[in-house]
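Undergrad: Got a sequence here, can you model it:
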Amino acid sequence: MSGREAIGLVARREVAVRLREKSFLYSTLISLAVIACVALLPNLLGFGGQDSYKIAVGDPGSRAVADAAVRGADAFDAKVTIADADADATLRDGTISAQDKPDDKLVNILQAANAEVRSTAALRDAGLDAQQARSALRPPPLRVVTAEPVDADADERGGFAFFAVLLLYGQLIGIGYFVAMGVVEEKSSRVVELLLSTLKPKHLLAGKILGLGLLGLGQLLLLAVLGLAVAAAGGALDVDGDILIAAGLALVWFVVGYAFYAAAFATAASLVSRQEDLQSVITPLTLVLLVGFFMSFGVVSDPDGTLARVSSFIPPIAPLTMPPRIALGEASVVEIVGAFAVTIGATLLLIPLAARIYSGAVLRMGGTIKLRDAWRAADT
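TA: Below is the predicted model:
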């Protein structure tokens, strides 16, 4: 059996085994449900849109203030309507009354409306007609001019960038754990001894990484397609060509990041023989992923800052910090290509080292094996 055939055989076995596991199917369904909720609930619950208020008028003299509040609410990114019941506040005799403390924005709208009505009355008493009074109180707004072009979709892209990081982090740590768990399962059950009677250790490792990587990529692709479709249908995101390109590059970054971490997780798992000991050897890797995840928050908030630029070229961190920069349009082609080259180069250096340590440790039973001993055992 050639090396390619052996790797393909192991990869197909990994995919078939994991697809039959209920835990994998359940995790996929839960992820799909979470994505749908994240994309739809904000709009369904009224988050992210205009604030809406209802006000009641308690006396004829307050009607003018209420009408002014309705007209001027847009300036506060809000909507005010006059209602007879279930009102958030009631205007009566120059006071604002409510069951509980009224929202600060509503109070500001009503105070501004009251000031407008009183100022209009004062100007009319001074001899100005109604049109002149309105013109005096509502001059043309100041124009806003920026040196840099303003992206009207910046908030949407920021939400997409955060969502992409969340998915990438979940997939990298989830599939990495599947790799580690599979290595320990085969080792503790001694199935690996049977497998290595016909396969080379490096082919077994490569097939395991390839199979689970294809499975993770397929799962991530499914989650991404559903997430974009639901977000577009719910009006949470305008899916255009730039978003699709960013999503495609995020998938590519998953492949690169997965290759790096899968080799590391498999190597760490080969050092132990029991599931109880697995957590102790993969904790450093999960911590590195966690650091990258938290750093990505800073990247989303400042995608062109020093942290974003530097972290994009650190191989263990780049798969979580470069995709949001791409989504936000702050990564140049040179930076993207350079970050890819650095991360792929580090992965190509890690894989043969991981294969050597895996070969030296995977057949050794007992307590946790030291890296030095596993390295030396590969020569025997």
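
Undergrad: and the longest helix seen in the chain, what does it pack onto?
TA: Counting residues, the longest helix found in the chain (DSSP state H) is helix 154-188. Judged by 3 or more C-beta pairs under 8 Å, 6 or more residues apart in numbering; DSSP states H and E, the packing partners of helix 154-188 are helix 22-44, helix 191-195, helix 201-233, helix 241-269, helix 278-301, helix 318-327. For glycine as for every other residue, the C-beta is placed from the backbone atoms N, C-alpha and C.

Undergrad: so which of these gets nearest Ala361?
TA: In terms of C-beta to C-beta, the element of the helices and strands packed on helix 154-188 nearest to Ala361 is helix 241-269, at 8.0 Å.

Undergrad: for the record, mean pLDDT for that closest one?
TA: In this model, helix 241-269 carries a mean pLDDT of 87.

Undergrad: shaky segments in the stretch 101-250 of the chain?
TA: The stretch 101-250 of the chain contains residues with pLDDT under 70 at 130, 133-134, 137-142, 146, 148-156, 234-237.

Undergrad: Centroid-nearest residue for the chain?
TA: Centroid check for the chain by C-alpha atoms, centre = their mean gives Phe163 as the closest residue, at 2.3 Å.

Undergrad: Name the residues that touch whichever strand or helix holds Val65?
TA: For Val65, the element it lies in under DSSP states H and E is helix 63-72. Applying C-beta atoms under 8 Å, 6 or more residues apart in numbering, the contact partners of helix 63-72 are 55, 57, 80-82, 91, 109-110, 112-114, 116-117.

Undergrad: Give the buried subset of the residues you listed as a PyMOL selection command.
TA: A single PyMOL command is used to select the members of the contacts of helix 63-72 judged buried by 16 or more other C-beta atoms under 10 Å:
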select buried, resi 55+57+80+91+109+110+112+113+114+116+117
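
Undergrad: Just send the contacts of helix 63-72 back as TSV, with distance to Ala232 and secondary structure too.
TA: Shown next, in TSV, are these (distance: C-beta to C-beta, whole Å; DSSP: H, G, I helix; E, B strand; the rest coil):
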residue	distance to Ala232	secondary structure
Ile55	35	strand
Val57	41	strand
Val80	31	strand
Thr81	30	strand
Ile82	36	strand
Leu91	41	strand
Ile109	33	helix
Leu110	38	helix
Ala112	37	helix
Ala113	38	helix
Asn114	42	helix
Glu116	40	helix
Val117	44	helix
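
Undergrad: what would the contacts of helix 63-72 look like in CSV with distance to Leu212?
TA: CSV is the format used below for the contacts of helix 63-72 (distance: C-beta to C-beta, whole Å):
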residue, distance to Leu212
Ile55, 59
Val57, 66
Val80, 55
Thr81, 55
Ile82, 61
Leu91, 64
Ile109, 56
Leu110, 60
Ala112, 60
Ala113, 62
Asn114, 65
Glu116, 65
Val117, 68
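
Undergrad: Just give me the closest of the contacts of helix 63-72 to Phe340.
TA: So of these, ranked by how close each gets to Phe340 (C-beta to C-beta), first place is Ile109, at 50.7 Å.

Undergrad: Hmm, that closest one is touching Asp77, no?
TA: No. Using C-beta atoms under 8 Å, Ile109 makes no contact with Asp77, being 10.4 Å away.

Undergrad: By neighbour count, which bits of the longest helix of the chain are buried? Give me those.
TA: For helix 154-188, burial by neighbour count (16+ other C-beta under 10 Å) applies to 156-173, 175-180, 182-184, 186-188.

Undergrad: same deal with stretch 345-356?
TA: Result for stretch 345-356 [16+ other C-beta under 10 Å]: buried residues Ala346, Thr347, Leu350, Ile351, Ala354, Ala355, Arg356.

Undergrad: Return the alpha-carbon coordinates of it using CSV.
TA: In CSV, the C-alpha atoms belonging to stretch 345-356 read as follows (Å, rounded to 0.1, in the frame of the first residue of the first chain):
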residue,chain,number,x,y,z
GLY,A,345,5.9,28.2,6.6
ALA,A,346,5.6,27.6,10.4
THR,A,347,3.1,24.8,9.7
LEU,A,348,5.5,23.1,7.3
LEU,A,349,8.2,23.3,9.9
LEU,A,350,6.0,21.9,12.6
ILE,A,351,4.5,18.9,10.7
PRO,A,352,7.7,16.9,10.4
LEU,A,353,8.6,17.6,14.0
ALA,A,354,5.2,16.5,15.1
ALA,A,355,5.4,13.4,13.0
ARG,A,356,8.7,12.4,14.6
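
Undergrad: Let me know the average pLDDT across it.
TA: Averaging pLDDT along stretch 345-356 yields 87.

Undergrad: Measure how far it is from the centre of its chain, please.
TA: Centre-to-centre, stretch 345-356 and its host chain are 28 Å apart (C-alpha atoms, centre = their mean, to the nearest Å).

Undergrad: who's in contact with that stretch?
TA: 201-202, 205-206, 256, 259-260, 263-264, 266-267, 315, 375, 378.

Undergrad: now swap in stretch 372-380 and tell me
TA: Ser270, Leu271, Arg356, Ile357, Ser359, Gly360, Ala361, Arg364.

Undergrad: Now it: buried residues?
TA: Ala374, Ala377.

Undergrad: do stretch 55-75 as well
TA: 55-58, 62, 64-66, 68-70, 72-73.

Undergrad: go on, stretch 115-131?
TA: Buried, per 16+ other C-beta under 10 Å, within stretch 115-131: Glu116, Val117, Thr120, Leu123.

Undergrad: Restrict stretch 26-41 to CA atoms and write it as CSV.
TA: Output of stretch 26-41 as CSV, limited to C-alpha atoms (Å, rounded to 0.1, in the frame of the first residue of the first chain):
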residue,chain,number,x,y,z
TYR,A,26,-25.6,17.2,18.2
SER,A,27,-22.8,19.8,18.2
THR,A,28,-23.5,20.7,14.6
LEU,A,29,-27.3,21.1,15.3
ILE,A,30,-26.6,23.2,18.4
SER,A,31,-24.2,25.4,16.4
LEU,A,32,-26.8,25.9,13.7
ALA,A,33,-29.4,26.8,16.2
VAL,A,34,-27.1,29.3,17.9
ILE,A,35,-26.2,30.9,14.6
ALA,A,36,-29.9,31.3,13.7
CYS,A,37,-30.7,32.9,17.0
VAL,A,38,-27.7,35.3,16.9
ALA,A,39,-28.7,36.4,13.4
LEU,A,40,-32.4,36.7,13.9
LEU,A,41,-33.1,37.5,17.6
